[in-house]
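Participant: quick one, fold the following:
(2 chains)
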Amino acid sequence: MSQNVTARPVVAGPARAWRTRRNRYGLVGSHCRSCQSCSFPPRRRCPRCADAVQEEAVFSGRGTVICLAEDHSPLAGHGDRAPRPFAMIRLEEGPVLMAEVVDAEYDGLSPEQPVEMVIRKWRPEQSGLALYGFKFRVAS
Amino acid sequence: MTIKAEIIGVGMARHGYRADSGWRDLVFEAGSGAIADAGIERSSIDGGLVSVTCPEAFEQQNLGPLTAEELDLPSGPFAQVVGACAGGTMAFMQGVNMIRSGQSECVIVVGVEKMSDVYSVSDALLSYPDQDYEAPAGFDYVDTMALMHARYMQKYDVAPEHVAAFAVQDRWYASRNPNAIDYRRGALGIDEILRSGWASRPITRAECARGCDGAAAVILARAGGNASRRRAIKVASITAATGPNAMGTKFGAWPGDDDIAEAVPTRIAAERAYREAGITARDVDVAQVHDCFSVMGSLHLEGLGIFPRGEAARAVASGETALGGTCPTNTDGGRIGLGHPTGATGISIVCETVTQLRGEAGERQVAGARVGVAQSMGGNNAVSAVAVLKGN
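Facilitator: This next block holds a predicted model:
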């Protein structure tokens, strides 16, 4: 009976992805009680007023497109996926993030377009689990 | 009395796809070239640094002692430096500090990369972008910088042709640089660039740096010390500055309307470097900037204050970075034309600056160059390092 031996063993387990599950699925970030500014990802200290007292914030998922691009070079873990549009998106609470825009063509999207968050597959992880996270679609 | 550092030797390994050469061969090529250029004995070197971005490509870490061994150097302090694609300039900065602190009299700083050993450069470098929300979602640097390219055009009303012009100018210089991938290749046209296919729209394939194999080395010495030389080039200043790494966190990170369309760490580092060197942006005769993608060259020229915000791409398209222009830039061909062995890049820009200030750049020579700036970036403007060198 032969053993499966690889030159480079898989070293990364599932714990790291488990720690960001609420951020990826629920858009959980932080809110500053002093100046009201919001951050995603969550911050320990407010980047605007430096207050160290930050509370958890769950963002609505509604936002608008700032600028757009289209990925034509899929990474190894993403197989032969078709070109996909992605964007800088400003959430209505203020934070900006980078995300894929699903169920749309690049040419049908434009800056300032309203979008809303959905949960979609990101990639298979080394641990064997499929990682999911936020993407956005045109707001209905 | 303040100890000053100067560069007494430079060496380069030809950049390209060099399957026959391992990392040790490239280190030897560049390192021994620099030692010979300096005209010193190996025994004079009492410290060193090696910069590699992706040692996973050849599955070897702890490269400091291995590099010292490969170059047959005396036993001494020799560390490995990592700073993404700014790593070479970060290593150069640490080498200067070894001299200025009095710890070392003569330091070799080497950078090397073996990108042709991997199946995919993007995947090999995937641990550098944000690991929580960007890389796992399938985004690598060509994607993050595609957004910077899109935002730059949108914010400053710049045409794709203006951004692409950076690659045209890189090719002109690279075709005249024997160390470059594009040595002796014909001129690159704007139409050819824009038709080369999308890497990550709006970035086309011809507007991407080529991750490749290569190495670069400099020898630093204490000015006025035993190793000091007549052809020495002064290190007027060297510094670095960080910024937010994840793309979204740049919006609103600084006061004012800076966002992903500005190279803010470059601006911060340049202001400090110019102040220490006693110069302004107008004094810069020749610049080497980090054009991992065409738009980044223009962003860093603006960060360095060489052109106003939003104007660099148009200036490049107008020939202002060619010989005879306002500020000849990337005279070695840049990351796009010379090639981008990422760990070596931050040192190769110092080598080119030295060559220019010595008046030894041949067809690529900037007439009368006295002040040179070398800038490299790590990540998406997560760090920018700026060096100011002065000739005699």
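Participant: pretty sure residue B:50 belongs to a helix, no?
Facilitator: No: assigned with DSSP: H, G, I helix; E, B strand; the rest coil, residue B:50 falls outside any helix and is strand.
Participant: which parts of chain B sit against chain A?
Facilitator: Chain B has residues B:59, B:119-120, B:122-123, B:126, B:132-134, B:136-140, B:142-144, B:146-147, B:149-151, B:154, B:197-203, B:246-253, B:260 near chain A, with proximity defined as Cβ under 8 Å from any Cβ of the partner chain. For every residue, glycine as well, the C-beta is placed using N, CA and C.
Participant: by mean pLDDT, flag the weakest helix or strand of chain B.
Facilitator: Across the helices and strands of chain B, mean confidence by mean pLDDT, DSSP states H and E is lowest for helix B:121-124: a mean of 84.
Participant: now the helices for chain A?
Facilitator: Using DSSP state H, the helices assigned to chain A run over residues A:15-19, A:21-26.
Participant: do the same with the stretch 201-350 of chain B
Facilitator: Using DSSP state H, counting those that start in this stretch, the helices of the stretch 201-350 of chain B run over B:264-277, B:294-303, B:312-317, B:334-337, B:342-357.
Participant: of all those helices, which one is nearest residue B:9?
Facilitator: helix B:342-357 (8.8 Å; Cβ to Cβ).
Participant: C-terminal to the closest one, what's the next element?
Facilitator: strand B:371-378 (DSSP states H and E).
Participant: just give the strands next to that following strand in its sheet, each with its orientation.
Facilitator: Using DSSP bridges, the strands paired with strand B:371-378 are strand B:286-288 (parallel), strand B:383-390 (antiparallel).
Participant: what's the average pLDDT for that strand?
Facilitator: In this model, strand B:371-378 has an average pLDDT of 97.
Participant: stretch B:19-30 too?
Facilitator: 97.
Participant: low-confidence regions, the chain specifically.
Facilitator: All of this refers to chain A. Residue ranges of chain A with pLDDT under 70: A:1-9.
Participant: I was after chain B.
Facilitator: B:1, B:228.
Participant: center of it - which residue?
Facilitator: Centroid-nearest residue in chain B, with Cα atoms, centre = their mean: residue B:346, separated by 3.6 Å.
Participant: residues in contact with residue B:327?
Facilitator: B:284-287, B:301, B:306-307, B:320-321 (Cβ atoms under 8 Å, 6 or more residues apart in numbering or on different chains).
Participant: apply 7 Å and report the result again.
Facilitator: By Cβ atoms under 7 Å, 6 or more residues apart in numbering or on different chains, the contact list for residue B:327 reads B:284, B:287, B:306, B:320-321.
Participant: what parts of chain A come near chain B?
Facilitator: Contact residues, chain A versus chain B (Cβ under 7 Å from any Cβ of the partner chain): A:20, A:40-41, A:47, A:67-76, A:78, A:86, A:88, A:95-100, A:106, A:111, A:122-123, A:131, A:133.
Participant: could you pull out the strands in chain B for me?
Facilitator: For chain B, applying DSSP state E gives strands covering B:5-16, B:47-51, B:78-81, B:106-114, B:198-201, B:203-204, B:213-222, B:233-242, B:286-288, B:371-378, B:383-390.
Participant: next, format these as TSV and append mean neighbour count.
Facilitator: Formatted as TSV, the strands of chain B follow (neighbours: other Cβ atoms under 10 Å in any protein chain shown):
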stretch	mean neighbour count
strand B:5-16	26
strand B:47-51	29
strand B:78-81	21
strand B:106-114	31
strand B:198-201	22
strand B:203-204	26
strand B:213-222	31
strand B:233-242	22
strand B:286-288	28
strand B:371-378	28
strand B:383-390	26
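Participant: relative to the whole chain's centre, how far out is stretch B:337-353?
Facilitator: Distance of stretch B:337-353 from its chain centroid, counting by Cα atoms, centre = their mean, to the nearest Å, is 5 Å.
Participant: let me see the ranges of the strands in chain A.
Facilitator: Using DSSP E, strands in chain A cover A:28-32, A:38-39, A:54-58, A:62-71, A:84-91, A:96-100, A:114-124, A:130-138.
Participant: what's next to the second one, contact-wise?
Facilitator: Contact with strand A:38-39 is made by A:29-31, A:47, A:57, A:93-95, as judged by Cβ under 7 Å, 6+ apart.
Participant: which of the residues you listed has the most neighbours?
Facilitator: Neighbour counts for these, by other Cβ atoms under 10 Å in any protein chain shown, peak at residue A:95, which reaches 26 neighbours.
Participant: so that one sits right up against residue A:40, yeah?
Facilitator: Yes: counting by Cβ atoms under 7 Å, residue A:40 is a contact partner of residue A:95 at 3.9 Å.
Participant: between the strands of chain B, which one is closest to residue B:181.
Facilitator: Comparing those by their distance to residue B:181 (Cβ to Cβ), the top pick is strand B:5-16, with 5.1 Å.
Participant: helices or strands next to the closest one in the packing?
Facilitator: Secondary-structure packing of strand B:5-16 (3 or more Cβ pairs under 7 Å, 6 or more residues apart in numbering or on different chains; DSSP states H and E): helix B:23-38, helix B:87-100, strand B:213-222, strand B:233-242, helix B:342-357.
Participant: switch these over to a markdown table; also include distance to residue B:47.
Facilitator: Conversion of those to a markdown table gives the following (distance: least, Cβ to Cβ, whole Å):
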| stretch | distance to residue B:47 |
| --- | --- |
| helix B:23-38 | 14 |
| helix B:87-100 | 5 |
| strand B:213-222 | 9 |
| strand B:233-242 | 15 |
| helix B:342-357 | 15 |
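Participant: out of the helices of chain A, deepest packed?
Facilitator: Each of the helices of chain A was assessed for mean neighbour count using mean count of other Cβ atoms under 10 Å in any protein chain shown. The highest is helix A:21-26, with a mean of 15.
Participant: gap between that helix and the chain center?
Facilitator: 9 Å.
Participant: before we move on, what about stretch B:174-183?
Facilitator: Relative to its parent chain, stretch B:174-183 has a centroid offset of 16 Å by Cα atoms, centre = their mean.
Participant: just the residues contacting it, thanks.
Facilitator: B:12, B:14-16, B:171, B:184-185, B:210, B:212, B:332-333, B:337-339, B:363-364.
Participant: of the residues you listed, buried ones?
Facilitator: B:12, B:14-16, B:171, B:210, B:212, B:332-333, B:337-339, B:364 (16 or more other Cβ atoms under 10 Å in any protein chain shown).
Participant: contacting residues around residue B:293?
Facilitator: Going by Cβ under 7 Å, 6+ apart, residue B:293 touches B:142, B:145, B:149, B:203, B:207-209.
Participant: so who does residue 104 touch?
Facilitator: Chain wasn't specified; assuming chain A. Each residue near residue A:104 by Cβ under 7 Å, 6+ apart is listed here: A:85, A:137-138.
Participant: meant chain B, my bad for not saying
Facilitator: B:46-47, B:98.
Participant: so what's it closest to, chain neighbours aside?
Facilitator: residue B:47 (3.5 Å; Cβ to Cβ, 6 or more residues apart in numbering or on different chains).
Participant: I'd say residue B:286 and residue B:366 touch.
Facilitator: Yes: using Cβ under 7 Å, residue B:286 is in contact with residue B:366, at 4.5 Å.
Participant: what is the burial count for the nearest residue to residue B:184 once chain neighbours are set aside?
Facilitator: Using Cβ to Cβ, 6+ apart and skipping residues adjacent in sequence, the residue nearest residue B:184 is residue B:175, 6.0 Å away. The burial count assigned to residue B:175 is 19, neighbours taken as other Cβ under 10 Å.
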